[in-house]
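**Q** Here is the input, now give the coordinates:
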Amino acid sequence: MESSIKLIQRNKETISKFETMINTADKNLAKELISEKASFYTPASPEPLYGGEGYLSLVFWLRKSFSDVQWKLEEIIAEPEKVAVKWTLTGTHDGEFLGISATQKHITTTFMNFYYFDKDGKITKDVAAEGMIGLLRPLGLSK
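**A** Residues are numbered from 1 along each chain as shown. Next comes the predicted model:
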């Protein structure tokens, strides 16, 4: 069994690669980093999305509204089976987003995500996406 220190370092490295994956929409990295069984809930779909391909569909969905969207990893706190990440998201609202016409405004916002890992070091869950749905659905901004 791997030591806790090695697992923590592995998880940090995975999240660093994950940052590259979401900013480049790299399908090979998505397959490498995200379990096929992982399910994600997003405003883009009333049903869960699965695996790396499902996660990237969220990236592509956001790029329709914010074509230059980028995520920057600001902080990470890691444990052997999960990590907490503070992200800064930037982009220009140049496409319709949840029924709101493009404003051409540049946005900067922060997000907190918790990522869980399987024994092989692949991401199995992203908790923040579920919390965002809970906020958007009652407001009528999500399916």
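**Q** Show me the shaky parts of the chain.
**A** For the chain, the stretches with pLDDT under 70 are 1, 43-44, 129-143.
**Q** Tell me which other helices or strands the lengthiest helix in it touches.
**A** Counting residues, the longest helix in the chain under DSSP state H turns out to be helix 4-24. On a contact count with 3 or more C-beta pairs under 8 Å, 6 or more residues apart in numbering; DSSP states H and E, helix 4-24 meets helix 27-33, helix 51-65, strand 70-78, strand 82-92, strand 106-117. C-beta coordinates here come from the backbone N, C-alpha and C atoms, glycine included.
**Q** Give me the angle between it and helix 51-65.
**A** Comparing the axes of helix 4-24 and helix 51-65 via axes from the mean of the first three to the mean of the last three C-alpha atoms, to 10 degrees yields an angle of 40 degrees.
**Q** which other residues reach helix 4-24?
**A** Contacts of helix 4-24 from elsewhere in the structure, counted by C-beta atoms under 8 Å, 6 or more residues apart in numbering, are 2, 26, 29-30, 32-33, 52, 55-56, 59, 70-73, 76, 78-83, 85, 115, 117, 121-123.
**Q** Report the buried members of these.
**A** Among these, the ones that count as buried by 16 or more other C-beta atoms under 10 Å are 26, 29-30, 33, 52, 55-56, 59, 71, 73, 76, 78, 82-83, 85, 115, 117, 122-123.
**Q** Give the buried residues for stretch 15-32.
**A** 15, 18, 19, 21, 22, 26, 29, 30, 31.
**Q** what's the spacing between residue 128 and residue 97?
**A** Look at residue 128 and residue 97: by C-beta to C-beta, to the nearest Å, they are 18 Å apart.
**Q** These two: which is more packed in?
**A** The residue with more neighbours, out of residue 128 and residue 97, is residue 97; 19 against 16, by other C-beta atoms under 10 Å.
**Q** Just give the nearest non-adjacent residue to the more buried one, would you?
**A** Leaving aside its chain neighbours, residue 97 sits nearest to residue 65 (3.7 Å; criterion: C-beta to C-beta, 6 or more residues apart in numbering).
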